[in-house]
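A.B. asks: Predicted model and sequence follow; I will ask about them next.
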Amino acid sequence: MNINVLFPYLIVAEEDNLDKTSSGFIISTSSDSAISKGVVIASPEESTIMNGDKILFLKSQAYKFIHDSKEYYIVSEKDDVFGIIK
């Protein structure tokens, strides 16, 4: 996707699976989950979050859009991102 995003927004593709962290927490990314896991597709240059980073974000506050039959979310780095998954 060729898009320039303005700060503080990110474009995120949601991942549709369960993930277990090294400390044993299970993170659900099902459609009914308020917090989702996703991969950053586009981020502004000023952002501390880079393209390709995996993040936890508040799905209920994100704006969903469809591009080439794929769902993406516009999320605010300042308000909707809980952390970067390492």
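C.D. replies: Sure thing, it's come through.
A.B. asks: make it CA atoms for all contacts and neighbour counts henceforth
C.D. replies: Noted.
A.B. asks: Quick check: residue 11 vs residue 69, distance?
C.D. replies: 15 Å (C-alpha to C-alpha, to the nearest Å).
A.B. asks: These two: which has the busier surroundings?
C.D. replies: More neighbours surround residue 11 than the other of residue 11 and residue 69, with 27 against 7 (other C-alpha atoms under 10 Å).
A.B. asks: what packs against the one helix or strand the more buried one maps to?
C.D. replies: Assessed by DSSP states H and E, residue 11 sits inside strand 9-14. Where contact means 3 or more C-alpha pairs under 8 Å, 6 or more residues apart in numbering; DSSP states H and E, strand 9-14 is packed against strand 35-42, strand 70-76.
A.B. asks: Need the pLDDT of residue 18.
C.D. replies: If you check residue 18, the pLDDT there is 60.
A.B. asks: Can you pull out the low-pLDDT segments for this structure?
C.D. replies: 16-20, 26-33 (pLDDT under 70).
A.B. asks: follow-up on the earlier one: give the pairing partners of the strand holding residue 11; include direction for each.
C.D. replies: Applying DSSP bridges, strand 9-14 is found paired with strand 35-42 (antiparallel), strand 70-76 (antiparallel).
A.B. asks: right, so of these, which gets closest to residue 57?
C.D. replies: strand 35-42 (5.5 Å; C-alpha to C-alpha).
A.B. asks: what's the closest one in contact with?
C.D. replies: 1, 3-5, 10-15, 27-30, 49-60 (C-alpha atoms under 8 Å, 6 or more residues apart in numbering).
A.B. asks: let's see 7 Å
C.D. replies: Strand 35-42 is contacted by residues 3, 5, 10-15, 28-29, 50-59 when judged by C-alpha atoms under 7 Å, 6 or more residues apart in numbering.
A.B. asks: Can I get the buried part of the residues you listed as one PyMOL selection?
C.D. replies: Selection command for PyMOL covering only the buried members of the contacts of strand 35-42, criterion 16 or more other C-alpha atoms under 10 Å:
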select buried, resi 10+11+12+13+14+28+29+50+51+53+54+55+56+57+58+59
